[in-house]
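>>> With the input below, show me the fold.
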Amino acid sequence: YSFKEVFGPLVVQKELFEVVAKPLVEDLIRGKNGLLFTYGVTGSGKTHTMTGSPGDGGLLPRCLDMIFNSIGPFQAKRFVFKLDDKNGVEVQCEVDALLERQKREAMPVPKTPSGKRQIDPEFADMINVQDHCKMEEVDEDNVYSVFVSYIEIYNNYIYDLLEESPFEPIKPKWNSCNTPVRNADLIPPQSKLLREDQNHNMYVTGCTEVEVKSREEAFEVFWRGQKKRRIANTQLNRESSRSHSVFTVKLAQAPLDADGANVLQEKEQIILSQLSLVDLAGSERTNRTKAEGSRLREAGNINQSLMTLRTCIEVLRENQMYGTNKMVPYRDSKLTHLFKNYFDGEGKVRMIVCVNPKAEDYEESLQVMRFAEMTQEVEVARPVDRALCGLTPGRRYRNQAFREELARKLELRGGPIDGETEEQSASDTFLQNFPPLPPCELLDIHDEQTLPKLIEVLEQRRKMRQTLSEEFSKNVLAFKKVLQELDSNVASKEKYFQGKLSEKDKTITGQKTEMERLEKTIKTLEYKIDILEKTTTIYEEDKRSLQQELENKNQKLQRQASDKRRLEARLQGMVTETTMKWEKECERRVAAKQLEMQNKLWVKDEKLKQLKAIVTESKAEKPERPSRERDREKPAPRSVSPSPVPNAPPVRLRHRRSRSAGERWVDHKPPSNLPTDTVLQPHVPHAITVAAASEKALAKCDKYMLTHQELASDGEIETKLIKGDVFKTRGGGQAVQFTDIETLKQESPTGRKRRSSSNPDPPEHAADSEWTDVETRCSVAVEMRAGSVLGPGYQHHAQPK
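Sure thing, here's the model as predicted:
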């Protein structure tokens, strides 16, 4: 698997911070958001990577150290920046901030830890970072404030770890009887809700956000929440995190005014950026952790939230690679819903994959690295930089230099500076309007000009003073009248404003009542929305399952349709093949039938010709009856043929016995052979009868017999039994060597010799002999009746005329 950076087991926290977390801190100070989370199997070192160990702080304390090293001299006083409950920030004037500080200092328990008190030795070594890492290019004309919050996502519920609660969810109170203390004052912590602000950013409502001024103070807040985090002992990890923790650092910054003295009171110029440090709970298999009860439920929720995170990344990757517009299921888990804006492009996201080289974690580590490698292919749009405020840079240092120079000059002169910093007083201006005094120095006793001139000038001054006194009296009277009118106007306006204030108070009271009602309605609607979201999730799961089932059904139908088409094509081929086979069989049978009928007709024609020759033969002539070679003996003279015996004994069929009855035979009878009604039939016991010779049948026997039929020269069917021996060949096959042929043949009895005329009967029997000979010859004629069964039928007609 390939990654942007791979660190070995001996890497130090400093190197890991500079490569991974330092760019996120620099973006935070520049006003951009960032997300850093650790991912891996349980026990792989995620919490150690984020928090560190004594003497070697992790990513979180190093981030805090770099933030305060960079903005330390430019921080605003406490409560100058004030966060509202809608994920926004506003700037208070110096007076309001001072009142807020005095109010907090008067409280018995301060909300924020004091940075001057002694650091807790439990985590003092973790934050003692000697690197002093800082960002060089910090906007010096801005003022900054840092706010931190700490939440955990446990069983898909969000809890505030900084909330002041007397109830300890991890360590309940037990009495001496080993039973929990039932106290109505111990209220369990309530889960928080997620909401969306006007900029479509997700935030946790009612979450405690603490303003901190130093890294020690910030880490003390983190450590206070870390003690409340849910951990448990499992088979794989002694201190296994049972929840996802999110430590958020918000940095509010606003520019100074044109004089460089106070914060600019414009909400549009305030920049609020945040860095979220997420320590994910490890994925685990319950068969390895041996979890039961609440541990098993926790493991199920952890794995479910991590699976939702993986699903969101996969859908984002698919939408970017294939141009689809699938809905990303952020709402399936609070973890993905909280950081939805980061995945949509609002900030930079970094993932640290922690891998444990244990052999038992091999398969789970492969899954983790496969998912982490896939996340690198997801590209999110980066936000554009915000516009500048347009004020002159370097205002802070110019104002500071001006104040230092002014203080220095005041110390040197000990009073106001002429004409430079303060205006002339009103008395100096008034004295300058009097006529100047003449020189009052008397040179001799006879000087009569100096005193008269002095008297004249003094007289003018007296008159001018009297005139000014009169004008002053008039002005005083006029001013008194104006003051009286102002008093009356102020009184009337006070009455008017008091009426208006009472109306406004009534309006405010009504609006407060309406706000309370609306808040109740909002809570009800949020509860309904939560129920609807769960219902929607159920419906979406049902929809996905039904779609999957529908796809399976469609695939099954497509397979069945393709099987049906293949079966139809196969059946069509079989029908075509069978049709052609039966057509050939029918043609063969028709041809055989035609041949048979032709043979029968030929036999019948021959018989008719013979009968005709016998009938038309002259009575005087008595030629000898033609004899065949097989008729060696002449038949005895016959008298009138006796009638056939009615109860003649039936002829018993005799089977031809093979000469090798003890051997196994293959009886090969082709389907084209015709059955015969002869008494003698070829029969071999225990023979394998086949229509076509096959190697399988030949392998079981050692004798072979082929029944062959052909038409003899006299038109009769001649059956030949061709026999042979079966031998095995060298190639493993079977061969037949023919050794003998037996012939079974039917012959017509028309070849019998007629009664010879060379032995004439006695004269007394001459008449009888004439018709008897004809009758005898006619009675032994062979007749084939039309429509008889295959093969010629032999019937003897010997009935008297």
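
>>> so how far is stretch 343-363 off the chain centroid?
19 Å (Cα atoms, centre = their mean, to the nearest Å).

>>> Longest helix in the protein, please.
helix 450-615 (DSSP state H).

>>> now the stretch 201-350 of the chain, which segments are flagged as low pLDDT?
By pLDDT under 70, the weakly predicted segments of the stretch 201-350 of the chain are 231-241, 284-293, 295.

>>> what are the ranges of the strands in it?
Listed from the start of the chain, the stretch 201-350 of the chain has strands (DSSP state E, counting those that start in this stretch) covering 202-204, 210-212, 231-232, 240-241, 244-255, 271-279, 348-354.

>>> Next, the buried residues of the first one.
Pointing back at strand 202-204 there. 202, 203, 204 (16 or more other Cβ atoms under 10 Å). In this view, the C-beta of every residue, glycine as well, is placed from N, C-alpha and C.

>>> got the contact list for the last one?
The neighbours of residue 204, taking Cβ atoms under 8 Å, 6 or more residues apart in numbering as the test, are 149, 151, 158, 160, 192, 193, 194, 195, 338.

>>> Tell me the most packed of those, by neighbour count.
residue 151 (25 neighbours; other Cβ atoms under 10 Å).

>>> Tell me if residue 151 really is in a strand.
Yes: secondary structure of residue 151 (DSSP: H, G, I helix; E, B strand; the rest coil): part of a strand.

>>> so what's residue 17 closest to, chain neighbours aside?
residue 62 (4.6 Å; Cβ to Cβ, 6 or more residues apart in numbering).

>>> My guess is the one you found contacts residue 12. True?
No: Residue 62 lies out of contact with residue 12 (Cβ atoms under 8 Å); the separation is 11.2 Å.

>>> Let me see the domain layout of this structure.
Domain ranges of the chain: 13-166+189-375, 450-489, 665-670+684-743, per the TED database.

>>> Centre of the chain to the second one, how far?
Centre-to-centre, domain 450-489 and its host chain are 95 Å apart (Cα atoms, centre = their mean).

>>> do the longest one as well
When distances are taken as Cα atoms, centre = their mean, domain 13-166+189-375 is centred 28 Å away from the chain's centroid.

>>> Now do it: distance from first to last residue.
End-to-end distance of domain 13-166+189-375: 24 Å, with Cα to Cα, to the nearest Å as the criterion.

>>> sorry, back to before: of residue 62 and residue 12, who's got more company?
With neighbours defined as other Cβ under 10 Å, residue 62 and residue 12 compare such that residue 62 has more, 25 against 9.

>>> And the more buried one, which helix or strand is it part of?
Per DSSP states H and E: residue 62 is located in helix 59-71.

>>> what about residue 586, distance to residue 592?
Residue 586 is 11 Å from residue 592, where distance means Cβ to Cβ, to the nearest Å.

>>> quick one: residue 728 and residue 405, what's the gap?
For residue 728, the distance to residue 405 (Cβ to Cβ) stands at 127 Å.

>>> cool, residue 610 as well?
165 Å.

>>> got it, and residue 439?
Taking Cβ to Cβ, one finds residue 439 at 43 Å from residue 405.

>>> Just give me the residue right at the centre of the protein.
Centroid-nearest residue in the chain, with Cα atoms, centre = their mean: residue 311, separated by 5.2 Å.

>>> which ones are touching the closest residue to residue 163 other than its chain neighbours?
Distances taken as Cβ to Cβ, 6+ apart put residue 208 closest to residue 163, at 5.6 Å, once the chain neighbours are dropped. Residues counted as contacts of residue 208 (Cβ under 8 Å, 6+ apart) are 149, 160, 162, 163, 164.
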